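> coords please:
(4 chains)
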There are 2 protein chains.
Amino acid sequence: MSPAPGPRPGGRSARIQQAVHASTRKLLDERDRADITVPMIAADAGITPSTIYRRWGDINEVFADVAIERLRPDAPPRETGSVRGDLVAWAQEYLEEMSSPVGRAALRDVVMSGDTNPLKCATFCRTQIETIVGRGEPLGTSVHVAVEHVIDHVVAPIIYRILFDLDPLEADRVEALVDQALDAAVRV
Amino acid sequence: MSPAPGPRPGGRSARIQQAVHASTRKLLDERDRADITVPMIAADAGITPSTIYRRWGDINEVFADVAIERLRPDAPPRETGSVRGDLVAWAQEYLEEMSSPVGRAALRDVVMSGDTNPLKCATFCRTQIETIVGRGEPLGTSVHVAVEHVIDHVVAPIIYRILFDLDPLEADRVEALVDQALDAAVRV
DNA sequence: ACGTTAAAGCAAAAGGTTTGCGTTAACGGA
DNA sequence: TCCGTTAACGCAAACCTTTTGCTTTAACGT
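Now for the predicted structure:
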């Protein structure tokens, strides 16, 4: 009776999505974001503008879509031998990536799009932290508590300062923040 | 020789700015932000669209301009008898205001506009905190340190969770964050 | 292979944005 | 108080983006 009209992730759709992403990234490297239009992206990708409007809605959704790919972790956090060491290394690298012009722009593009993209982005981050903390203490509610503290005391200040254009954190301050987060988690 | 061509904050400009702000706030209450256009605002304000384009550039700048007025503190932080109490009361109120749909939208509008607006917004916040901390220990570098810690450990988690659509902080967790910020500041 | 249908192409209509030029109204000096 | 100067506004036409109805293409299941 119902042929299950689910999505169709087939070849053509995927090809067009990749073309749009590639053209958007390319234009983003060349021009200022305010000077990029949907017809420009379409022309570069070799498709018609209406395809973009129908699939993405508006140009901000395209930017957000590209941004979230940039924000997706490409590898599990590397191991240094201790949870603290892993967290410090991960946080310093995260700070580095997000402070760069590309990282800042990606963060803004994600934040300005509807609720689900920011949540997805925060979840990428949380998952990485869970991996690290989970190595030291496999499973249990204390892991969850520690993760929350790392998000509040380490990730939040990093991102807040970037989004609001304050001076970025120093690398050694990141270390202190990690210690404070772990301290706070232990005391609960 | 040079008649100093400075800005002209006179009556007409101010009147038009107010009209645009008022119409924007009104439309923002009625419709979804994506459905609001520059010609709509202009019509409601009784001016021509080109005036808005020339003064603000685009509609996002208008939204950001309105948002920053919403974010500007309307009174100095109220006093409870202790620095800790003042900070807790202020932070809980701040959380409340920023979590509301209007507050969230204003935050996003500010963040998505160029660098100076976010910085202005963060400075509003910092100034309020400085006022509170300065009451306990008038002037000195330790005040500055404490303010930094409150921003990193209290403000940042509040705002991060709002912007990335995580569960908002509980009111009693705010209290714990203030304590942690003050602890961290003392240890430096 | 064939039928079905989601997604893309095309083109015209609708609407938003930019721009040149004339007009208005603050501001400063006589 | 009046007058000259000039930033800012109004108007309207040109330009570009966005939307929309219809046709065509190409995945996917049978």
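
> list the contacts for A:V188?
Contacts here follow C-beta atoms under 8 Å, 6 or more residues apart in numbering or on different chains; on that basis A:V188 touches A:V145. No exception for glycine: its C-beta is placed from N, CA and C like everyone else's.

> list the contacts for the most centrally placed residue in chain A?
What sits nearest the mean C-alpha location of chain A, by C-alpha atoms, centre = their mean, is A:L71, with 2.9 Å. Contact partners of A:L71, counting by C-beta under 8 Å, 6+ apart, are A:A106, A:L107, A:V110, A:C121, A:F124.

> list the helices and strands whichever strand or helix holds the first one packs on?
Per DSSP states H and E: A:A106 is located in helix A:101-112. Other elements packing on helix A:101-112 under the criterion 3 or more C-beta pairs under 8 Å, 6 or more residues apart in numbering or on different chains; DSSP states H and E are helix A:59-71, helix A:83-99, helix A:116-136, helix A:156-163, helix B:101-112.

> rerun at 6 Å
In this structure, helix A:101-112 makes packing contacts with helix A:59-71, helix A:116-136, helix B:101-112, judged by 3 or more C-beta pairs under 6 Å, 6 or more residues apart in numbering or on different chains; DSSP states H and E.

> Let's have the ones you listed in CSV, adding distance to DNA strand C and mean pLDDT.
As requested, these are exported to CSV (distance: least, C-beta to the nearest atom of the strand, whole Å; pLDDT from 0 to 100):
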stretch, distance to DNA strand C, mean pLDDT
helix A:59-71, 11, 98
helix A:116-136, 18, 97
helix B:101-112, 15, 97
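
> Dump the ones you listed into JSON lines; add distance to A:A89 as well.
Written out in JSON lines, the entries for the helices and strands packed on helix A:101-112 read as follows (distance: least, C-beta to C-beta, whole Å):
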{"stretch": "helix A:59-71", "distance to A:A89": "19"}
{"stretch": "helix A:116-136", "distance to A:A89": "9"}
{"stretch": "helix B:101-112", "distance to A:A89": "28"}
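
> wait, which of those helices is closest to DNA strand D?
Closest to DNA strand D of the helices and strands packed on helix A:101-112 is helix A:59-71 (C-beta to the nearest atom of the strand; 5.6 Å).

> Next, the buried residues of that closest one.
Neighbour counts over helix A:59-71 (16 or more other C-beta atoms under 10 Å in any protein chain shown) mark A:I59, A:N60, A:E61, A:V62, A:F63, A:A64, A:D65, A:V66, A:A67, A:I68, A:R70, A:L71 as buried.

> again, but for stretch A:71-83
Taking 16+ other C-beta under 10 Å as the criterion, stretch A:71-83 shows A:L71, A:P77, A:V83 as buried.

> The last one contacts A:E137, correct?
No. With contact defined as C-beta atoms under 6 Å, A:V83 does not reach A:E137; the gap is 8.1 Å.

> if I look at the residue lying closest to A:Q17 once chain neighbours are set aside, how far off is A:E61?
Among residues not flanking A:Q17 along the chain, A:R55 sits closest, at 7.9 Å (C-beta to C-beta, 6 or more residues apart in numbering or on different chains). Distance, A:R55 to A:E61, by C-beta to C-beta, to the nearest Å: 9 Å.

> before we move on, back to that, ok, the residue nearest to A:Q17 - how many residues close by?
By other C-beta atoms under 10 Å in any protein chain shown, the residues close to A:R55 number 15.

> That one sits in which helix or strand?
In the assignment (DSSP H and E), A:R55 maps to helix A:49-56.

> Which other helices and strands does that helix contact?
Packing partners of helix A:49-56 (3+ C-beta pairs under 6 Å, 6+ apart): helix A:38-45.

> if we go to 10 Å?
Packing partners of helix A:49-56 (3 or more C-beta pairs under 10 Å, 6 or more residues apart in numbering or on different chains; DSSP states H and E): helix A:11-30, helix A:38-45, helix A:59-71.

> buried stuff in that helix?
For helix A:49-56, burial by neighbour count (16+ other C-beta under 10 Å) applies to A:I52, A:W56.

> That one near DNA strand D anywhere?
Yes. Residues of helix A:49-56 contacting DNA strand D under C-beta under 7 Å from any atom of the strand: A:P49, A:S50, A:Y53, A:R54.
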